Structure formats: C-alpha cells, structure tokens
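Colleague: here is my input, please return the structure:
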Amino acid sequence: MLALSLAAVFIAACQPVPTAPKAPTSPTTTTTAPTPTTTVPKPATTRVTCPSGATVEIATSIATSVRNLLAAAQADGRSLCGGGYRSPDAQIALRKQNCGTTYYAIWEMPSGQCSPPTAIPGTSMHEKGLAIDFTNCSTRTTACYLWLAANASRFGLINLPSEPWHWSTNGR
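Modeller: Sure, this is the predicted structure:
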C-alpha cells in the first residue's frame, strides 16, 4: 500500500504545472488586458525655451542643436515649438488614445494602424528625448514643415515620412 501511495505522489509530482493563459493578442480582442511596463530609463533632459516663451523638453545631448534650430527659424520669421520628451506612461496613454485599449492595440499593433500613427511603448524616440512633434506642422504644405524640410537636417533632425510634425535624430 505504501508503494502505491509513493507511486501516486511521484506521478503527481511529475505532472506539468498549469500556467495562466497569455493575454489574447488578436486585433479583435475586446477585453482590456493588464498593461506591462516599459523599461526605458529617463534620459538626461533639458528644457529649451521657444520664441513663444513655451518650452520643449528634450535630451540634453541635442539641446544646443535644437536651440540653434529654433533661433534660425525665428530669424527666418518662423516661430517653432512643440512636444519633446514623453515618459513611458505618457506613451502608453497615447497608444490607448490613438490605437485602442486592448493588449494588442497597446503593445503589438503596428503604429501605422493607429490614428494618428503612434509608436509602441518602449520604441518611441520621444521616450529618449530625441524627437520633437512640432506644432503647426500638421501637413507637408505648412510653413513650419516647409522650413523644417529645408533646414532641419543642418541641426541633426530628420522627418518621419508618415508624420509631417515628427522630427527626430534618426527619422523614426
């Protein structure tokens, strides 16, 4: 009898332990899944003052270039400013707003399927402080965009082709 009990314990101990199912990743999922956190560390940032008096927070490593860009634009009659650094939590909130609240929408949906396109948390150049979304640059026909298209590369900024307002150090 003891041998049978030990055998039963041994068999039970060797059975796989059930695991919780993964959050569904189908684009048609309608439930809101738990939100993982990103591990993007906050970069060293600096606030640069725009000609309007507003400020844009960016990585300290590009502060001089951005100051020079804003001054050059101002000298040409263009008052530029916008949004720079974005925390991981802010990126998640933006994905929820522009893409949806499901796990798939926040963490897996291609950015181009969001309206407007929005990077997956942990991949945005804003989270590194290396991108600026310029206000008044909503299309490629605005004075803001035309000036940046002609001049931004001199200051180390490249446009993300799908977003006329988004300029970063690598074009992403």
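
Colleague: for the most centrally placed residue in the chain, give its distance to residue 70.
Modeller: Centroid-nearest residue in the chain, with C-alpha atoms, centre = their mean: residue 124, separated by 3.0 Å. From residue 124 across to residue 70, the span is 22 Å (C-beta to C-beta, to the nearest Å). In this view, the C-beta of every residue, glycine as well, is placed from N, C-alpha and C.

Colleague: on that earlier part again, now for the residue nearest to the centre of the chain: which residues touch it?
Modeller: Neighbour list for residue 124: 86, 91, 131 [criterion: C-beta atoms under 8 Å, 6 or more residues apart in numbering].

Colleague: try it again with 6 Å
Modeller: When contacts are counted by C-beta atoms under 6 Å, 6 or more residues apart in numbering, residue 124 touches residue 91.

Colleague: what segments of the chain are helices?
Modeller: For the chain, applying DSSP state H gives helices covering 2-13, 63-75, 88-99, 103-107, 143-151.

Colleague: quick one: closest of the ones you listed to residue 42.
Modeller: Proximity to residue 42 (C-beta to C-beta) singles out helix 88-99 among those, at 8.7 Å.

Colleague: wait, residue 47 touches residue 55, no?
Modeller: Yes - using C-beta atoms under 6 Å, residue 47 is in contact with residue 55, at 4.2 Å.

Colleague: how many residues are close by residue 85?
Modeller: Residue 85 has 22 neighbours, counted by other C-beta atoms under 10 Å.

Colleague: for it, give its distance to residue 109.
Modeller: In terms of C-beta to C-beta, residue 85 sits 24 Å off from residue 109.

Colleague: just residue 59 next, same as before
Modeller: Residue 59 is 27 Å from residue 109, where distance means C-beta to C-beta.
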